[in-house]
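K.L.:
coordinates only, no sequence provided:
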């Protein structure tokens, strides 16, 4: 699929009014994407676990206007209350996707969104939020074109979500999603994410993710700014090569179930992400002292018990603790005994690998 394949036909007849609702999960990257080109094109490929519990519910009510508007007509509600400050980001999103969904100025929309995780919990909601909103808009097109295949729907939904937030393209399907063109994966694309196409061992099919909330609230440097600082970064090209190499190295690991090798790549990727931040110009640090305390405690626990528990990080201070379901009881005991003391108000979220977005209206 190429970009022009996602441009809608002008012959479709859309419904005059209605309501649609989609639930879209967040995701956690194992191979990190850091650095991007125009239109949210990634500088390197990535692969992620789709989550289950951390998700956004978005309902979209729509009513056709008497005539096409010169602006986007919508109200945005977060958990039932108006959120005017979110509207500029949504306008930018609508401007980017209008070429592919040309009906957007012909309706008034009421968007009502809520997260399953607490507001300001430190969990990025842009991936799940933009995925859910994009799915709602695309569902309108599917109503006008009921012959649309599920494969096309998922790929276009991922394509559209990407234009709102790059990582949102990995929140449409589950449970292991690859995004970014790479020669060894047929069908891979910079335009949308795809289900990981190779064999995956049972070890990785029921992975758990306990998210330790070291810091709740806004980051000191946004991901958008951080991505931009990869332009001209002295180590950028080496990093992009490394991401390709690590993705290739995961192929036999996913097939064999080699947890020790999996841990080495996943933790290295997390630390490399933050190394890029610390060596950009200007440089910055998003990890906090308690992030490092957790990492050191995980290493000590793993060395002592040989239990395959590891960490990964997003662009922030919070820690995702990953482990197989078979080790859940021991890992949760360790988390409760030794790690939650480093969390803000001892808050954490228990999640696991999920199956992707679901329609509820």
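P.N.:
Structure received. Fair warning: this is a prediction, and the values are worked out from it, not measured in the lab.

K.L.:
relative to residue 308, how far out is residue 277?
P.N.:
Using Cβ to Cβ, to the nearest Å, residue 277 is found at 27 Å from residue 308. For glycine as for every other residue, the C-beta is placed from the backbone atoms N, C-alpha and C.

K.L.:
swap in residue 36?
P.N.:
Residue 36 sits 32 Å away from residue 308, going by Cβ to Cβ.

K.L.:
where does this structure have low pLDDT?
P.N.:
119-124 (pLDDT under 70).

K.L.:
redo that, cut-off 90
P.N.:
Across the chain, the ranges flagged by pLDDT under 90 are 9-11, 117-125, 216-219.

K.L.:
got the residue ranges for the strands in it?
P.N.:
Along the chain, counting by DSSP state E, strands occupy 17-31, 36-37, 41-42, 46-64, 73-78, 81-82, 107-115, 176-179, 193-195, 208-212, 310-313, 319-323, 348-352, 358-359.

K.L.:
mind listing what's buried in the fourth one?
P.N.:
Residues of strand 46-64 classed as buried: 46-52, 54-62 (neighbour count, 16 or more other Cβ atoms under 10 Å).

K.L.:
now, which of the residues you listed sits nearest residue 16?
P.N.:
Nearest to residue 16 among the buried residues of strand 46-64 is residue 62, at 8.8 Å by Cβ to Cβ.

K.L.:
for the residue of the chain positioned farthest from its centre, phi and psi?
P.N.:
Among the C-alpha atoms of the chain, the one most distant from their mean position (Cα atoms, centre = their mean) is that of residue 66, at 36.9 Å. As for residue 66, its main-chain torsions (degrees, to the nearest 10) stand at phi -60, psi -30.

K.L.:
do residue 234 as well
P.N.:
According to degrees, to the nearest 10, residue 234 has phi -60, psi -20.

K.L.:
residue 279 is in contact with that one, correct?
P.N.:
Yes - if you go by Cβ atoms under 8 Å, residue 234 and residue 279 touch, sitting 6.9 Å apart.

K.L.:
so which of those two has more stuff around it?
P.N.:
For residue 234 versus residue 279, neighbours defined as other Cβ atoms under 10 Å are more numerous around residue 279 (14 against 9).

K.L.:
leaving out sequence neighbours, find the closest residue to that one.
P.N.:
residue 235 (6.1 Å; Cβ to Cβ, 6 or more residues apart in numbering).

K.L.:
which ones are touching that neighbour?
P.N.:
For residue 235, the contacting residues are 275-276, 279, by Cβ atoms under 8 Å, 6 or more residues apart in numbering.

K.L.:
which pair of the buried residues of strand 46-64 spans the longest distance?
P.N.:
47 and 61, at 35.6 Å, using Cβ to Cβ across these.

K.L.:
how many residues are close by the residue nearest to residue 290 when sequence neighbours are not counted?
P.N.:
Closest residue to residue 290 apart from its sequence neighbours, by Cβ to Cβ, 6+ apart: residue 342 at 3.9 Å. Neighbour count for residue 342, taken as other Cβ under 10 Å: 21.

K.L.:
next one: residue 310
P.N.:
Other residues close to residue 310 by other Cβ under 10 Å number 22.

K.L.:
got it, and the one 3 residues further on?
P.N.:
One way to gauge burial is a neighbour count; for residue 313, by other Cβ under 10 Å, it gives 24.
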